[in-house]
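Asks: below is the sequence, then the predicted model.
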Amino acid sequence: AKPKRQSYEQRAEVAKNAVSKQLLNLMAKKKTNLAIAADVASTKQLLALADQVGPHICVFKTHVDILDTWNAEVQGELQSLAEKHDFLIFEDRKFADIGSTVVAQYSGGLYRIADWAHITNAHLVPGPGIIQGLKQVGLEKGRGLLLLAEMSSKGHLATGSYTQAVAAAAEEHQDFVAGFISQTPSSWQPQSSPGLIHMTPGVQLAKGGDNLGQQYNTPQSVIGGAGSDVIIVGRGIYGASDPRETAQQYQEAGWSAYLASVSA
Ligand code: BMP
């Protein structure tokens, strides 16, 4: 049998990043480890979706550069929905530049991501300077960073020693790093950093993929088998005929896989 995992509440106690602590507590309280990837093109749809699925999710993941409209009012409406339903906002920006450039990209521009996204993410390709740059902006605002340790797509290059280097960098910067985007954390992440959260995209109720290299695993295999913490679901929910009801199904699937893994 697999070893029993610590509960989200136990891990919140030792989490060193403010957002990681907040998220672990929120998941336990709301009984959900579901994040939605809200990859819709219209801002109207985005806000409607956030209100519909809000009660079932812990994280609302955006790609703000997909949207037809973005301004201070939209930002305010999304923030109000996050308060109303108690979820965190994750802008999936995948920063990938030198420290000095990401400081400007994270804090400024049209989107001012650091002003509204509790969480954002980055590739470690440029080296640790990218963490230092993002931290310079985000730490004082109480934000958290996820590092891409592995990807869901066929042929991705984030493997082996690269993934190991990402794990080591996260350990070193736990004040700002909240966790990882990963696929099979149980195969490379020691249990020694329980405050770090693993989020996994490429999730649907049935295994499969799309015609551009995306690969899907089930909530059960991701949380139970691969040892992740949060399932990220996009088309499986917003593409369904009833996104609210479907989000509830994913919430139940993710939560029962979690309960089984902590009581195993
Ligand atoms: P979908 O469930 O519709 O395939 O969407 C997956 C989402 O997760 C997309 O927003 C994509 O940008 C993101 N994502 C991914 O699919 N694989 C990764 O490795 C990292 C991601 O951020």
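Replies: That came through, no problem.
Asks: for the rest of this, base every contact and every neighbour count on C-alpha atoms.
Replies: OK.
Asks: looks to me like residue 81 is in a helix.
Replies: Yes. Remark: residue 81 belongs to a helix, assigned using DSSP: H, G, I helix; E, B strand; the rest coil.
Asks: the ligand versus that one, what's the distance?
Replies: The gap separating residue 81 from the ligand is 20 Å, by CA to the nearest ligand atom, to the nearest Å.
Asks: next one: residue 92
Replies: Look at residue 92 and the ligand: by CA to the nearest ligand atom, they are 6 Å apart.
Asks: how about the contacts made by that residue?
Replies: By CA atoms under 8 Å, 6 or more residues apart in numbering, the residues touching residue 92 are 61-63, 120-121.
Asks: now, those residues that are in strands?
Replies: Under the assignment DSSP state E, the contacts of residue 92 contribute 61-62, 120-121 to strands.
Asks: where does residue 192 land on pLDDT?
Replies: We have a pLDDT of 63 for residue 192.
Asks: what about the closest residue to the ligand within the stretch 51-200 of the chain, which SS state?
Replies: Of all residues in the stretch 51-200 of the chain, residue 151 sits closest to the ligand, at 3.1 Å by CA to the nearest ligand atom. On the three-state scheme (three-state DSSP), residue 151 is labelled coil.
Asks: could you check how far it is from residue 182?
Replies: 6 Å (CA to CA, to the nearest Å).
Asks: so those two - more neighbours on which side?
Replies: residue 182 (27 against 20; other CA atoms under 10 Å).
Asks: quick one, phi psi at the more buried one?
Replies: Per-residue torsions, residue 182: phi -150, psi 170 (degrees, to the nearest 10).
Asks: what's the closest non-adjacent residue to it?
Replies: In space, and not counting its chain neighbours, residue 182 is closest to residue 150: 4.7 Å by CA to CA, 6 or more residues apart in numbering.
Asks: what's the local residue count around the one you found?
Replies: Here the number of neighbours of residue 150 (other CA under 10 Å) works out to 22.
Asks: which residue sits closest to whichever residue of the stretch 1-150 of the chain sits closest to the ligand, ignoring its sequence neighbours?
Replies: In the stretch 1-150 of the chain, the residue that lies nearest the ligand is residue 37 (5.0 Å; CA to the nearest ligand atom). Distances taken as CA to CA, 6+ apart put residue 234 closest to residue 37, at 4.2 Å, once the chain neighbours are dropped.
Asks: go ahead and confirm that neighbour touches residue 49.
Replies: No. With contact defined as CA atoms under 8 Å, residue 234 does not reach residue 49; the gap is 11.4 Å.
Asks: anything in contact with each of the two?
Replies: Residues touching both residue 234 and residue 49 (CA under 8 Å, 6+ apart): residue 38.
Asks: if we can go back for a sec, scan the contacts of residue 92 and report the most crowded one.
Replies: Ranked by neighbour count (other CA under 10 Å), these have residue 120 at the top, with 26 neighbours.
Asks: for it, give me its contacts.
Replies: 90-94, 144-146.
Asks: if any of those residues are buried, put those into a PyMOL selection.
Replies: The following PyMOL line selects those of the contacts of residue 120 that are buried, judged by 16 or more other CA atoms under 10 Å:
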select buried, resi 90+91+92+93+144+145+146
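Asks: JSON lines for the contacts of residue 120, including distance to residue 177 and pLDDT?
Replies: Below are those laid out as JSON lines (distance: CA to CA, whole Å; pLDDT from 0 to 100):
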{"residue": "90", "distance to residue 177": "13", "pLDDT": "99"}
{"residue": "91", "distance to residue 177": "15", "pLDDT": "99"}
{"residue": "92", "distance to residue 177": "15", "pLDDT": "98"}
{"residue": "93", "distance to residue 177": "15", "pLDDT": "98"}
{"residue": "94", "distance to residue 177": "14", "pLDDT": "99"}
{"residue": "144", "distance to residue 177": "6", "pLDDT": "98"}
{"residue": "145", "distance to residue 177": "5", "pLDDT": "98"}
{"residue": "146", "distance to residue 177": "6", "pLDDT": "98"}
